[in-house]
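[1] how would this look folded up:
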Amino acid sequence: MSNSNFHIDTLDKRIMTLLLQDARMPFVEVARRCRVSGAAVHQRVARLTEAGVIDGSHFKLSPKAMGYMTCAFIGIQVNLNSTSTHNEVFRKIEQIPEIVECHHISGKYSLLVKIYTFNNEHLKQIIVERIQSIPEISFTETFISLELGFDRGLAVL
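    Below you'll find the predicted structure:
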């Protein structure tokens, strides 16, 4: 439920920041840190969830701890003369498990994907054998992430 009159105040932001840091933090601990009652936190979280601001809670896996040492972003240009649609190409890209995000974008590329691989050789293999082998793809450009500078989430907005 989206409401243009919905207002997020300082307490909402503090609650969301704490839950983004640890989604399993008990509401009583969130309440203690925010200096409000547990009921107030519960009501706020319920209101934020109903408004669609909070969309579930998730575990965050560490790619490096799982052996995925290379993170890259790949710009993908879909052949505009192809009889296939962008959605058909999207469905083929979606079948590659190493690709964790796919965005339809404006500009030079049709799609921008985020991919985790074990190493650069594995990345090359996925690009050549799985991505560039899709007939509707004209070209790709790969950007290897050297290091994540920060990941701030949305609670600070």
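
[2] mind listing what's buried in the lowest-mean-pLDDT helix or strand in the chain?
    Here the helix or strand of the chain ranked lowest by mean pLDDT, DSSP states H and E is helix 86-94, holding a mean of 89. The neighbour-count check on helix 86-94 (16 or more other CB atoms under 10 Å) flags 89, 90, 92, 93 as buried. Glycine gets a C-beta too; all of them are placed from N, C-alpha and C.

[3] and the gap between the first one and residue 132?
    With the distance defined as CB to CB, to the nearest Å, residue 89 ends up 12 Å from residue 132.

[4] next one: the last one
    Distance, residue 93 to residue 132, using CB to CB: 12 Å.

[5] residues touching the most centrally placed residue in the chain, list them.
    Closest to where the C-alpha atoms of the chain average out (CA atoms, centre = their mean) is residue 101, at 6.1 Å. Residue 101 makes contact with 113, 114 under the criterion CB atoms under 8 Å, 6 or more residues apart in numbering.

[6] quick check: neighbours of the host helix or strand of it in the sheet, parallel or antiparallel?
    Element membership of residue 101, judged by DSSP states H and E, is strand 99-104. Sheet pairing of strand 99-104 (DSSP bridges) gives strand 111-117 (antiparallel).

[7] okay, the angle between the strand it pairs with and helix 86-94?
    Orientation note: strand 111-117 sits at an angle of 10 degrees relative to helix 86-94 (axes from the mean of the first three to the mean of the last three CA atoms, to 10 degrees).
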